[in-house]
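Asks: Just to be clear, the model below is a prediction. Sequence and coordinates:
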Amino acid sequence: MSTRNDAQNGAKHDGQSALELAVYAGGRVSRHPLPAEGRVSLGRSKENDVPIDDSSVSRRHAIIHLGPRIAIEDLGSANGTRLRRERSAGPTTKLLELHLEQGKTLELSVGDAVNLGSALIVILPREGAASAAPGQGPGEPIVIDPAMQRLYALAERVAASPITVLLLGETGAGKEVLAEHIHRRSPRAQGPFLRLNCAALSESLLESELFGHEKGAFTSAGQAKLGLLETAEKGTVLLDEVGELPPSIQVKLLRVLEDRKVMRVGGLSPRPIDVRFLSATNRDLAAEVKRGAFREDLFFRLNGIALTIPPLRARVAEIAPLARAIADRTAAALGRRGPAFAPETLAALEAHGWPGNIRELRNVIERAVVLSGGDTLLPEHLLLDAAPAAPAAAPLTPTLDTSVAPAGAAAAPAAGSATPAGTAAPARAADEDAGAARPGQSAGDLRRELDAIERRRIVDALEQCAGNQTQAAALLGMPRRTFVARLDAYGIPRPRKRKSSE
């Protein structure tokens, strides 16, 4: 049987697959690299290879069997294991739900959605592995642009040291990919990599999740619980969207960074931890410090060295290989051969401003593969005509400060200077764009078709997440505010909040 480290380590070891398990539970998304062969246990107990902290998940809920084929086995769970899979039925698509009996196994395909109680798991190609370019090893990101090559060269040097790293850049530019690269190149590569979205949890939940709590610390604390920082022992923690931390949590995080100890909620004495911290934000933290929204002392602690990732529009040479990698991955998940790109399609991609960066590119290409239904992607499949214009920015002049700034030094762009991401208008997801019509179809018909597809996805996501809007928005990769606006636009009743007793 695989150990927990088997499920958490990166692709540095032989036998590691190019797949990962995405877990959507409790309003959070966690990702766990999977071994090429073996068994990975899932459940609420910390003894599982992938613990899932959700009350609807049994202590030992299911096992994923990995090898030439992938299958899932239910271990007699209380709330069941259900596979949700779309099947085409003529011009329409039906959603099938298969319930798994105890002791039985069901074969899975990459991209299948499986409910464990109300938690959702999906097996996906690992982000870095899916975007590996020819000549690069598995798990390596595509790095072609000269500024990006210098940035990753500096990241290699930084990875070997224990210094805290602040990753800056626009939303969707690839901060998490760079963070995982630093982890894989660090002495902590054998330990876990924990990504914590600081914007996804309320202030009250964030404290308990980060630092843990003792039994009886509050009404529903029936037993002691390790905090996420404790579970990342000997590993790396990425504080994503760190600029969204509330002031009270900023104070406690600063204490952790200084003392390397955590105090559980309701605890009497701090507990030592051995964790390396990375943080990421699209905000201009220096400006946030000036206006009093972010603590200056915490900023200095996080800013051991700042690495700035250029936006995708400044890395035109990487657009085509990224698009091809995303298309191949999407087609494989659909059981199809990867499509070719017409020359005019590549030209349209390279001419687009990409305000949503790689995240927008992924949405556009995945949608194009679904809409094309053929072997070649044409410009009309991209639906880029009504996409928002790129935010105004000063011309990017690639520069690189190869010195490691001491803690407390001002942040210096590592890969280039660009307009601070926090000052740009929020970019809409590519799924929000109205598109051009396909030949023989009016723009209005196509818009209605896409609206119907998106409405169904939202309803399905709410059903999978038991009405939790935050979790459903995360499942769809959509900002919560946009998700709520979609509910109103499509006339979908907003689920009532559950009572605390439930």
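Replies: Structure received.
Asks: Name the spans of the stretch 351-500 of the chain whose pLDDT lies under the cut-off.
Replies: For the stretch 351-500 of the chain, the stretches flagged by pLDDT under 70 are 385-450, 477, 496-500.
Asks: all strands of it, in order?
Replies: 376-377 (DSSP state E, counting those that start in this stretch).
Asks: what about the helices in it?
Replies: 357-372, 379-382, 443-464, 469-476, 480-489 (DSSP state H, counting those that start in this stretch).
Asks: got it, and the stretch 1-150 of the chain?
Replies: Under DSSP H, counting those that start in this stretch, the stretch 1-150 of the chain gives helices at 4-8, 127-130, 146-159.
Asks: domains in this protein, as residue ranges please.
Replies: By the assignment in automatic domain parsing, the chain contains the domains 4-125, 130-311+395-423, 314-392, 437-497.
Asks: Was I right to think residue 44 contacts residue 50?
Replies: No: at 10.8 Å, residue 44 does not count as touching residue 50 under the criterion of CB atoms under 8 Å. For the C-beta atoms, the positions are set from N, CA and C on the backbone; glycine is no exception.
Asks: need the least confident one among the domains of the chain, by mean pLDDT.
Replies: Of all the domains of the chain, mean pLDDT reaches its minimum on domain 437-497 (a mean of 73).
Asks: quick revisit: could you dump the helices of the stretch 351-500 of the chain to CSV with distance to residue 322 and mean neighbour count?
Replies: Output for the helices of the stretch 351-500 of the chain, formatted as CSV (distance: least, CB to CB, whole Å; neighbours: other CB atoms under 10 Å):
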stretch, distance to residue 322, mean neighbour count
helix 357-372, 6, 22
helix 379-382, 14, 21
helix 443-464, 23, 16
helix 469-476, 21, 22
helix 480-489, 23, 15
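Asks: Output the ones you listed in TSV; the columns should cover distance to residue 283.
Replies: Shown next, in TSV, are those (distance: least, CB to CB, whole Å):
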stretch	distance to residue 283
helix 357-372	15
helix 379-382	30
helix 443-464	27
helix 469-476	20
helix 480-489	16
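Asks: Which of those sits closest to residue 109?
Replies: Across those, residue 109 has its closest neighbour in helix 357-372 (15.8 Å, CB to CB).
Asks: Name the residues that touch the closest one?
Replies: Contacts to helix 357-372, defined as CB atoms under 8 Å, 6 or more residues apart in numbering, come from residues 170-174, 311-312, 319, 322-323, 326-327, 330-331, 334, 336, 339, 349, 354, 356, 377-378, 381-384, 427, 429-431, 438, 477.
Asks: all helices of the stretch 201-350 of the chain, in order?
Replies: Counting by DSSP H, counting those that start in this stretch, the helices of the stretch 201-350 of the chain are 203-211, 228-231, 247-259, 285-290, 296-302, 319-333, 343-351.
Asks: now the longest one, how far from the chain's geometric center?
Replies: Which is helix 319-333. 17 Å (CA atoms, centre = their mean, to the nearest Å).
Asks: Can you spell out which helices and strands pack onto it?
Replies: If contacts are counted by 3 or more CB pairs under 8 Å, 6 or more residues apart in numbering; DSSP states H and E, helix 319-333 sits against strand 119-125, helix 127-130, strand 340-341, helix 343-351, helix 357-372.
Asks: which one of those lies closest to residue 212?
Replies: strand 119-125 (20.1 Å).
Asks: Would you mind listing the outside residues contacting the closest one?
Replies: Here strand 119-125 has contacts from 18-26, 34, 42, 52, 54, 56-57, 64, 70, 108, 110-114, 329, 332-333, 464-465, 475, using CB under 8 Å, 6+ apart.
Asks: Just the ones of those residues in strands?
Replies: 18-25, 34, 42, 64, 70, 108, 113-114 (DSSP state E).
Asks: Determine which two of those residues are furthest apart.
Replies: Every pair of the ones in strands among the contacts of strand 119-125 checked by CB to CB; the farthest is 18 and 25, at 23.6 Å.
Asks: and these two? which has more neighbours close in?
Replies: residue 25 (24 against 19; other CB atoms under 10 Å).
Asks: check contacts around that one.
Replies: Per CB under 8 Å, 6+ apart, neighbours of residue 25: 52-54, 57, 118-120, 471.
Asks: Make TSV from the residues you listed and add distance to residue 455 to it.
Replies: As requested, the contacts of residue 25 are exported to TSV (distance: CB to CB, whole Å):
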residue	distance to residue 455
52	29
53	31
54	27
57	29
118	22
119	24
120	19
471	18
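Asks: of the residues you listed, closest to residue 38?
Replies: residue 52 (18.6 Å).
Asks: Now residue 296. Nearest residue, chain neighbours left out?
Replies: Setting aside the residues directly before and after it, residue 296 is nearest to residue 289 in space (CB to CB, 6 or more residues apart in numbering), at 4.8 Å.
Asks: Distance of that neighbour relative to residue 240?
Replies: 19 Å (CB to CB, to the nearest Å).
Asks: Same question for residue 299.
Replies: 16 Å.
Asks: just residue 303 next, same as before
Replies: Counting by CB to CB, the gap from residue 303 to residue 240 is 16 Å.
Asks: So residue 170 sits against residue 310, correct?
Replies: No: counting by CB under 8 Å, residue 170 does not reach residue 310; the two are 9.0 Å apart.
Asks: the more surrounded of the two?
Replies: The residue with more neighbours, out of residue 170 and residue 310, is residue 170; 29 against 24, by other CB under 10 Å.
Asks: which SS class is that one?
Replies: coil (DSSP: H, G, I helix; E, B strand; the rest coil).
Asks: Okay, it and residue 195: tell me how far apart.
Replies: Distance from residue 170 to residue 195, by CB to CB: 18 Å.
Asks: could you say which helix or strand contains the residue nearest to residue 193 when sequence neighbours are not counted?
Replies: Nearest residue to residue 193 in three dimensions, chain neighbours excluded: residue 183, at 4.6 Å (CB to CB, 6+ apart). If you go by DSSP states H and E, residue 183 is part of helix 175-184.
Asks: Next, the contact list for residue 71, please.
Replies: 64-65, 105-108.
Asks: which of those count as buried?
Replies: 64-65, 105-106, 108 (16 or more other CB atoms under 10 Å).
Asks: Take those residues and write them to JSON lines, including distance to residue 234.
Replies: Putting the buried ones among the contacts of residue 71 into JSON lines (distance: CB to CB, whole Å) gives the following:
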{"residue": "64", "distance to residue 234": "24"}
{"residue": "65", "distance to residue 234": "28"}
{"residue": "105", "distance to residue 234": "33"}
{"residue": "106", "distance to residue 234": "35"}
{"residue": "108", "distance to residue 234": "31"}
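Asks: Near residue 274, how many other residues are there?
Replies: Neighbours of residue 274 (other CB under 10 Å): 11.
Asks: whoops, residue 203 was the one
Replies: 11.
Asks: Same question for residue 466.
Replies: So residue 466, with other CB under 10 Å, has 17 neighbours.
Asks: Excluding chain neighbours, what is closest to it?
Replies: residue 118 (4.1 Å).
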